[in-house]
Structures are given as C-alpha cells and as structure tokens.
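**Student:** Have a look at this fold, sequence not included:
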C-alpha cells in the first residue's frame, strides 16, 4: 500500500533495537482518515472469504479493526489482556509472550462472542515474531470458529513471523513489509 | 439517545455491585454500525466547539473515539496506561484510580501530540465516579490545550461523577444516564 509506505518513510522514526515508531499516525495518535483507507484495503483483500467477525487485541489494534469492521459491516471483537470483573462467565484464553515488553500475559475472549459458524479475520497493527497473532489464532481454534486470514498493517519481514504463518497455509496480508531498517542512516527497505 | 437506551435494555445485563455489562456491543464485542451512530450523535452535540482532537483512554474508549474522530475529520489520541519502550521522549502523566479493578495506574500521552492550539473532545465508554475522565482532563490542562468537553456513552448518574464535572462548568454529554439499576428485577431507570 503506497500511501502507508510513504507515511512510514515520511513520519516513522527508527530507533536502535529494531524499533520502528509510528505513534504519530498508527498507535498513539491515530490518523483516522488514513485508517479508513486501511479498512478499505483489507476489505478488498479479504472480501471473498465470507468474513463475519473481526478479531484484534487491545489496545493498538482496536482503531484499525474498527475501520475494517465498518467496511465488512460486521462486529469487532477485541481480546483482552487481563481478567476484569466485568467479563463474567466462560472465556477462551491463551498465553502470549510480549517481545516489546519482555513479559508474558494472558489474552482472552468471551465464549459468547466466538464460536462455530464464525469466519474470522484477525487484524493487528504490527507483525514481528508473530506472538500476538499466534495467540489470536489459538483463540479462534479453541472456539471452533474458522480463520479467514490475518490482516496486518506493518510486518517486520526480517523477524520471520509472517512467513512462518504463510508456510502453514494461513492467508496473511501485510500492507507494508519492512525487510530492513537502519537507525543510523534512517533507511528503510520494503519487500516488493 | 433512544437507540442506545433500547440496546442497554435489550442487550445489557445487570450484576450485583452496580455492574452494568454491555460487553456484547460496547466494550468487548463491538457493534460498529451502532458506534457509527454514536459518532454522529457526538458530532451533533459538539460540532460548534472547534474540536480538532479527540482524546480517549485505552482500551474500550478507542473504538468509540475512532468513530467520533471520523465524524470530526480530526486525529484521535489515546492515553496509554503503562510506559512502553516504544513511547520515547517527554510525556504528560497523571495517576488514575480504577474503580473497576481496585488499583491505581498511570496514564500518559506524548507531549508531541497534545498542546496549545488543540481543542480537545474527551470521549469514553463509561462515566461513574469520574476518575478516568478527571485524569484525561488533567492531561489536557497540563498540556496547555483547551477542553471542548466530554462525550460519554453511558453515565452512571447515581455515582455523581458527571454532575461534579458539570458543576465545574465542563460540558459533559452522556448519551444515556442510568439513575438506578436493580440486579434482582433487571430494572433500569434512565434520567430524562
């Protein structure tokens, strides 16, 4: 997606340790009119898959998934990272290791909102090693729902998580795949 | 907002301890076409205030705020609850006590995205005691930005947080104000 690549090049910042910061438009301040285009692009890529539910994980996936759900005209479900007393009853859970924070946390969705008959498109802002996405895929499997695929805004191709999922036959569509970054020169190379 | 009151009556569940669960359409599974109407309603209520930024708090405010930002054609900024290594540089912070979780946490926004010249509409899913909203208002004050007002989907009127803010002269618009709930009978009384 050229619009995204240009935004990454113009507004993104690279920090030591392979950190690509896009918090000016994607995951802190959010450019909603841009995300609206992202929603349309994911709809174009997955419109023939029979999607009837969008699944993401709090927090930075939610704005993106909202725009995608709007295009598909279907509900959005976001996995929560901790158990709150406002979620009663049975939940599907799985453990996810956070590469960013260096911790492991539990994600969960209520059994009432995911199950047989659902065709799920998973959406997230970043895909690196793939821990969050693998956790979400695990929840879909547990629930008996069917996975339509995964839509990712920015994939860090050099960390291999996306290709591992593709090797399993999962349809993974990333709107920009970063093959390499250099925090000293600011250079970013995208996969074709 | 009649559509909201009907959804609360038809889809909401009341639990002991004044818990109103609306996780089937507002804060776990999200009815995006309904939220789109919520966005239009907040735009109608605040369109003359010169709003140029929507501020909310992760996680359940984000989907709502996305729809509001779409109506206003302005960016959305969400306050984060913990310091991650992907937010560099200076941040505005304040402490917020969580009524739901019984803990205190720090919320923060990057100084780069909030400041003088911003006219901020704060949006959130629930208003009870008002701790989260007071925290967000504190961040706006710290930044030197101007507060246009607060748009809340469901206010628990009997907990008084909304009226305290209104007494301070802040424009607080709630789309439904619950005056009382009875978890035994399931009865919900709305403020007119």
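**Tutor:** Perfect, thanks for sending it. What you see is a predicted model, and the numbers here were worked out from it, not measured in a lab. Numbering: from 1, shown residues only, chains lettered A, B, ... in the order given.

**Student:** Test of understanding: give the bridge partners of the spatially most central residue of chain A.
**Tutor:** Taking C-alpha atoms, centre = their mean, the centroid of chain A lies closest to residue A:124, which sits 1.3 Å from it. Assessed by DSSP bridges, residue A:124 has beta-bridge partners residue A:152.

**Student:** Quick check: it vs chain B, distance?
**Tutor:** 14 Å (C-beta to the nearest C-beta, to the nearest Å). Backbone N, C-alpha and C define where each C-beta goes, glycine included.

**Student:** what residues are up against that residue?
**Tutor:** For residue A:124, the contact set (C-beta atoms under 8 Å, 6 or more residues apart in numbering or on different chains) comprises A:56, A:57, A:60, A:61, A:64, A:132, A:133, A:136, A:150, A:151, A:152, A:153.

**Student:** Helices - which of those land there?
**Tutor:** A:61, A:64, A:132, A:133, A:136 (DSSP state H).

**Student:** how close does residue A:118 get to residue A:145?
**Tutor:** 4 Å (C-beta to C-beta, to the nearest Å).

**Student:** which residues do these two both contact?
**Tutor:** In contact with both residue A:118 and residue A:145: residue A:53, using C-beta under 8 Å, 6+ apart.

**Student:** Show me the shaky parts of chain A.
**Tutor:** Residue ranges of chain A with pLDDT under 70: A:83-89, A:100.

**Student:** Please point out which parts of the lengthiest helix in it sit buried.
**Tutor:** In chain A, with assignment by DSSP H, the single longest helix is helix A:32-46. The neighbour-count check on helix A:32-46 (16 or more other C-beta atoms under 10 Å in any protein chain shown) flags A:32, A:34, A:35, A:36, A:38, A:39, A:41, A:42, A:43, A:45, A:46 as buried.

**Student:** by contact count, what packs against that helix?
**Tutor:** Applying 3 or more C-beta pairs under 8 Å, 6 or more residues apart in numbering or on different chains; DSSP states H and E, we find helix A:32-46 packed against helix A:2-11, helix A:61-72, strand A:119-127, strand A:146-156, strand A:172-181, helix B:61-72.

**Student:** I'd like those written out as a markdown table, with distance to residue B:18 added.
**Tutor:** What follows is these, written out as a markdown table (distance: least, C-beta to C-beta, whole Å):
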| stretch | distance to residue B:18 |
| --- | --- |
| helix A:2-11 | 44 |
| helix A:61-72 | 26 |
| strand A:119-127 | 33 |
| strand A:146-156 | 38 |
| strand A:172-181 | 43 |
| helix B:61-72 | 20 |
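
**Student:** how about stretch A:182-192, does it reach chain B?
**Tutor:** No: using C-beta under 8 Å from any C-beta of the partner chain, we find that stretch A:182-192 stays clear of chain B, coming within 12.1 Å at best.

**Student:** Now do that stretch: distance from first to last residue.
**Tutor:** End-to-end distance of stretch A:182-192 (C-alpha to C-alpha, to the nearest Å): 18 Å.

**Student:** buried set for that stretch?
**Tutor:** Neighbour-count burial for stretch A:182-192 flags residue A:188 (criterion: 16+ other C-beta under 10 Å).

**Student:** got the contact list for it?
**Tutor:** Contacts of stretch A:182-192 (C-beta under 8 Å, 6+ apart): A:5, A:8-9, A:12, A:14-16, A:19-20, A:157, A:176-181.
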